[in-house]
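J.: sharing a model that was predicted from the sequence below.
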Amino acid sequence: MQSEAAIRERLERLETWYDENDPPASPVADELEVELLRAIAELEWVLDEREDPEEFPGE
């Protein structure tokens, strides 16, 4: 398992990469954005920094 510092470094690199490619310029870049957001969310979850998802209306 990676150390917290390594996970935070990876998270920072992914967030920078996401910012540099926003908005996506092609369908492939759009798919990359989805994967980057998923990876960012997973790392935030590992660090216990992920906010609970919002509930759908009516729940």
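T.: Received the coordinates, thanks. Residues are numbered from 1 along each chain as shown.
J.: other SSEs contacting the helix or strand hosting Glu31?
T.: Element membership for Glu31 (DSSP states H and E) is helix 27-46. With contacts taken as 3 or more CB pairs under 8 Å, 6 or more residues apart in numbering; DSSP states H and E, helix 27-46 sits against helix 4-20. Every residue, glycine included, has its C-beta placed from N, CA and C.
J.: how about the residue nearest the centre of the chain: what's its closest non-neighbour residue?
T.: Centroid check for the chain by CA atoms, centre = their mean gives Ile40 as the closest residue, at 2.0 Å. In space, and not counting its chain neighbours, Ile40 is closest to Leu14: 5.3 Å by CB to CB, 6 or more residues apart in numbering.
J.: go on, Glu4?
T.: Leu47 (6.8 Å).
J.: burial count for that neighbour?
T.: 12 (other CB atoms under 10 Å).
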